[in-house]
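Undergrad: the sequence and its predicted three-dimensional model are supplied below.
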Amino acid sequence: MPTADSFAALGKGNGFPFCVTRKIDVSSKEKWTTLGGTQKGSSPSNSEIQTSLANAVKIFWNTNELLGSVASSKTSTALPSIIYRKKDSSVFNPTTDPEQPKDRACGRSNYFDYRNYYTVGQSNSQKLGFINLMIMRMYNGDSSNENNFVGYGLESGFGVSTISNDEPGPSGDPPSAGDARVFIDVGSLLVDYSVGRTDGTFEFDTAYKTFNGFPMVVSVLATATAGLEGSEIEFEADASAISGSASYSNSDISGSVSASITGLDLYTY
């Protein structure tokens, strides 16, 4: 845990340097939880709403690094440390300097500007990680009715993904195709990666989990395909462990991936 420079900020009187104008109706989501622990199917207490705000403020100001591992058999290039960094003009791969809490005080909105993405590799071996500090107000129903307000959450949150891929070239080299992928998301809303997938080619797992003391929803997808008869494919998704793996193999090609998230590193003072 790095030590942050001390600072003072007036903010907007709500704990953030912006007004939280992002309002999301979560009633149709299969799983959701506020940062105060109110889950789909339950009503919030005043204490849970206040805890959701306190946790949202803590995550926004103090997040430093997402911890975990991302691997692909197609590349040995490591994914850069997923540290919340100062923004530049690019959506992907921001500058190398970590952004301390004091640097988050002004100059940006509360939505797309507070996100970092990191990616390495080519299309057949991509590794990706992200930190999205996009705070939202959550509503169990019409978001224009404040009686439906259930608390604060992270719309996207934290995640990693990895790909291992073989595609036949024009000359048929390699002569068959294969693909393995893992996607992991940790946030306040379920990300349903299973939509449109072919049965027998994937495993999708979800869970409510306390993540560094914060109530979250975990979504994990592991998927594998191979185009040659007799190919072997394997995939495993474990939302409780926040991990997944997948592989494909035959006489011509093989590939494998794995990913996990183990926690958050937060600033101290």
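TA: Arrived safely.

Undergrad: and the next element down the chain from the least confident helix or strand in the chain by mean pLDDT?
TA: Among the helices and strands of the chain, strand 115-120 carries the lowest confidence by mean pLDDT, DSSP states H and E, at a mean of 90. Scanning forward in sequence from strand 115-120 by DSSP states H and E, the next helix or strand is strand 127-132.

Undergrad: what's the average pLDDT for stretch 244-253?
TA: Average pLDDT, stretch 244-253: 95.

Undergrad: end-to-end on it?
TA: The straight-line separation of the ends of stretch 244-253 (CA to CA, to the nearest Å) is 21 Å.

Undergrad: quick one: contacts of that stretch?
TA: Contact partners of stretch 244-253, identified using CB atoms under 8 Å, 6 or more residues apart in numbering, comprise 164, 166, 174-184, 203, 205, 220-226, 228, 230-238, 254-260. To be clear about C-beta, it is placed using only N, CA and C from the backbone, and glycine gets the same treatment.

Undergrad: and stretch 162-177, by the same measure?
TA: Here stretch 162-177 makes contact (CB under 8 Å, 6+ apart) with 70-74, 121, 123-128, 178-182, 225-228, 231, 246-248, 250, 252-253, 255-259.

Undergrad: which among the residues you listed end up buried?
TA: By neighbour count, with 16 or more other CB atoms under 10 Å, those hold 70-72, 74, 121, 125-128, 178-182, 225-228, 231, 246-248, 250, 252-253, 255-259 as buried.

Undergrad: next one: phi and psi at Arg104?
TA: Main-chain dihedrals, Arg104, degrees, to the nearest 10: phi -90, psi 10.

Undergrad: so it makes contact with Trp61?
TA: Yes - between Arg104 and Trp61 there is a contact under CB atoms under 8 Å: 6.5 Å.

Undergrad: on that earlier part again, now intersect the contacts of stretch 244-253 with the helices, please.
TA: Within those, no residue falls in helices by DSSP state H.

Undergrad: among the residues you listed, which are in strands?
TA: In strands, defined here by DSSP state E, the members of the contacts of stretch 244-253 are 164, 166, 178-184, 203, 205, 220-226, 232-238, 254-260.

Undergrad: which strand or helix spans the spatially most central residue of the chain?
TA: Centroid-nearest residue in the chain, with CA atoms, centre = their mean: Gly159, separated by 2.4 Å. Here Gly159 sits within strand 157-166, counting by DSSP H and E.

Undergrad: same question, Thr21
TA: Per DSSP H and E: nothing holds Thr21, as it lies in no helix or strand.

Undergrad: next, count neighbours for the closest residue to Ile242 other than its chain neighbours.
TA: Of all residues not flanking Ile242 in the chain, Ile261 sits nearest, at 4.5 Å (CB to CB, 6 or more residues apart in numbering). Residues lying near Ile261 (other CB atoms under 10 Å) number 24.

Undergrad: list the contacts of the nearest residue to Gly213 once chain neighbours are set aside.
TA: In space, Gly213 comes closest to Asn55 once its chain neighbours are excluded; the distance is 7.9 Å by CB to CB, 6+ apart. Contacts for Asn55 (CB under 8 Å, 6+ apart) come out as 35-36, 152, 213-215.

Undergrad: so which of those residues sit within strands?
TA: Short answer: these in strands (DSSP E) are 152, 214-215.

Undergrad: just the buried ones from the residues you listed, in ChimeraX syntax?
TA: Selecting the buried subset of the ones in strands among the contacts of Asn55 in ChimeraX, with 16+ other CB under 10 Å as the burial test, is done by:
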select :152,214,215
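
Undergrad: pull out the buried positions in the least confident helix or strand of the chain.
TA: 115-118, 120.

Undergrad: sorry, back to before: biggest separation within the contacts of Asn55, which pair?
TA: Greatest spatial distance among the contacts of Asn55 (CB to CB): Tyr152 and Gly213, at 15.2 Å.
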